[in-house]
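Trainee: sequence and predicted model, in that order:
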Amino acid sequence: MKQSDFMKYKEILIVDGTSRENGYTKKLLEFFKSNVNAENVATFEAYKESFNFCDGCNFCESNEHCKFKDLDAFMKAFEAADLIVFTTPIYNGMMSAPMKALIERLQPYYAYFYKHNKTQKIEKRRRAIILASSGRDGEEALQYIEAQYKYAFSITNIEFIGSALCNFTDTSANVAKAEEKIKNILERMDLQ
Ligand SMILES: Cc1cc2nc3c(=O)[nH]c(=O)nc-3n(C[C@H](O)[C@H](O)[C@H](O)COP(=O)(O)O)c2cc1C
């Protein structure tokens, strides 16, 4: 897909995996939103939603959808999005628990992908970015998280195009550096 094909898309979905309203990741998210001129911005707050965990029942292998209906609205927004912004604090070197639980619910997309000879269920190619915060350095953990996201979302037709980390929040938070990174990503995407 050509770069110009992405630019006409303006549906943004924020998949918010943070809990602290005054936390640093929310600051990055606000900065992102204040710099974006999009037609539609929808937000899914993983900590505030109550949804079932994937229990590995394999229902989706024969039915191509989940037996649980609680994420149907989310999946609709997820499939419609042109740009997806994932936010997470770095917890134990990983993404937050609700974010991981949400990712496990992508299993119907895996089932479809392998049942249909590695065909994407979601035809539209989309882009994604990650916004994260860490108490200490966090750079190495971010690399692991990026790799995990790339792996997990490979069956949802998503290309990861950048991440911004606000690190050292335990001592002297690197907010400006993270905001600069967000600006760079947005400039590359022509979304401002
Ligand atoms: C359960 C838990 C685990 C954490 N694990 C890490 C970690 O592995 N590495 C790190 O640098 N900071 C860690 N932190 C610190 C958070 O990443 C830091 O407070 C960050 O600012 C949280 O994001 P927020 O400000 O958006 O809430 C941890 C904090 C908690 C509560």
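Mentor: Received the coordinates, thanks. None of these values were measured; they are calculated from a predicted model.

Trainee: alpha carbons only for contacts and neighbour counts from here, please
Mentor: Will do.

Trainee: low-scoring stretches of this structure, by residue?
Mentor: The chain contains residues with pLDDT under 70 at 1-9, 190-192.

Trainee: now the strands for it?
Mentor: 11-16, 40-45, 83-89, 126-133, 158-166 (DSSP state E).

Trainee: how far away from the center of its chain is the last one?
Mentor: If I follow you right, that is strand 158-166. In terms of Cα atoms, centre = their mean, to the nearest Å, the gap separating the centre of strand 158-166 from the centre of its chain is 9 Å.

Trainee: stretch 103-123 now?
Mentor: Taking Cα atoms, centre = their mean, one finds the center of stretch 103-123 at 17 Å from the center of the full chain.

Trainee: and residue 141, how close does it get to the ligand?
Mentor: Counting by Cα to the nearest ligand atom, to the nearest Å, the gap between residue 141 and the ligand amounts to 7 Å.

Trainee: skipping its backbone neighbours, what lies nearest that residue in space?
Mentor: Counting by Cα to Cα, 6 or more residues apart in numbering, the nearest residue to residue 141 once its immediate chain neighbours are dropped is residue 93, at 4.9 Å.

Trainee: on that earlier part again, now tabulate the strands of the chain in TSV and tack on mean neighbour count and distance to the ligand.
Mentor: Converted to TSV, the strands of the chain look like this (neighbours: other Cα atoms under 10 Å; distance: least, Cα to the nearest ligand atom, whole Å):
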stretch	mean neighbour count	distance to the ligand
strand 11-16	22	10
strand 40-45	15	13
strand 83-89	24	4
strand 126-133	24	5
strand 158-166	21	8
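
Trainee: residue 64 is nearest to which of those?
Mentor: Closest approach to residue 64 among these is made by strand 158-166 (19.4 Å; Cα to Cα).

Trainee: keeping just the C-alphas, turn the closest one into PDB.
Mentor: Taking Å, rounded to 0.1, in the frame of the first residue of the first chain, the C-alpha atoms of strand 158-166 are listed here in PDB:
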ATOM      1  CA  ILE A 158      -1.500  -3.500  11.300                       C
ATOM      2  CA  GLU A 159       1.800  -1.900  10.700                       C
ATOM      3  CA  PHE A 160       3.500  -0.400  13.700                       C
ATOM      4  CA  ILE A 161       5.100   2.800  12.800                       C
ATOM      5  CA  GLY A 162       6.500   4.200  16.000                       C
ATOM      6  CA  SER A 163       6.500   4.300  19.800                       C
ATOM      7  CA  ALA A 164       7.100   7.100  22.300                       C
ATOM      8  CA  LEU A 165       8.300   6.400  25.800                       C
ATOM      9  CA  CYS A 166       8.100   8.700  28.800                       C
END
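
Trainee: ok, back up a step: of all the strands of the chain, which one is nearest residue 152?
Mentor: Nearest of the strands of the chain (Cα to Cα): strand 158-166, 9.8 Å.
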